[in-house]
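[1] pasting the sequence and the predicted coordinates here, then a few questions.
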Amino acid sequence: MKKRLIGHLKSQEIFFLNTISCFTDADSGFRPDKKMYTIAQHIGHAAETIEWFVEGVFVRNEFDMNFENYSERVKKYTSFDECVNYFKEATAKGIEIIDKVSDSELLAPITAQIMTGDPKMDVVWAITDHTAHHRGVLAVYARLLGKVPQMPYGEM
């Protein structure tokens, strides 16, 4: 079970990195509208959310629900290259944490404020769904820049 969950996290990382491989750091600040996230912000947010889910369920047993100043906090994501590294680190950290927990803990119910009662292992599905959403947005951004995003479902 654990091996399969880790495999899903590794796959979502490959899919995401394949999709965004057409970007460079020079594309970091692109966004179609000033009310939307930039490329760097999408990647940084996706990385942050991996940590948010894994730590909320397996480390703190509580989600940080302080979203009031999130639009200000997300402004710190300005570099494509730095955010890609953050995404890789967040994925590796999530895999490391999940690899250390027992199967019984993976099956234990979530007691935190979101997904309450679901097995803890379900955060992996939440992570992959959330990451897929941002991967899709970034594929559209690539097209708006005249770039062709790589097919996500291959090896890197």
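    The structure has been received and is ready for your questions.

[2] quick one: contacts for the spatially most central residue of the chain?
    What sits nearest the mean C-alpha location of the chain, by CA atoms, centre = their mean, is residue 46, with 3.2 Å. Shown in contact with residue 46 (CB atoms under 8 Å, 6 or more residues apart in numbering): 16, 87, 130-131, 134-135. C-beta here means a position set from N, CA and C on the backbone, and glycine is covered the same way.

[3] just the closest of these to residue 25, please.
    Comparing the contacts of residue 46 against residue 25 with CB to CB picks out residue 87 as the nearest, at 14.1 Å.

[4] could I get the full set of helices for the chain?
    Under the criterion DSSP state H, the chain contains helices at 2-20, 39-54, 70-73, 80-100, 103-107, 123-144.

[5] any buried residues in the lowest-mean-pLDDT helix or strand in the chain, and which?
    Of all helical and strand segments in the chain, the minimum by mean pLDDT, DSSP states H and E falls on helix 70-73, at a mean of 81. Within helix 70-73, no residue is scored as buried using 16 or more other CB atoms under 10 Å.

[6] sort out which residues of stretch 124-141 are buried, please.
    Result for stretch 124-141 [16+ other CB under 10 Å]: buried residues 124, 126-128, 130-132, 134-135, 137-139, 141.

[7] looking at those, which one is closest to residue 112?
    So of these, ranked by how close each gets to residue 112 (CB to CB), first place is residue 126, at 11.8 Å.

[8] can you pull the pLDDT of the closest one?
    pLDDT, residue 126: 97.
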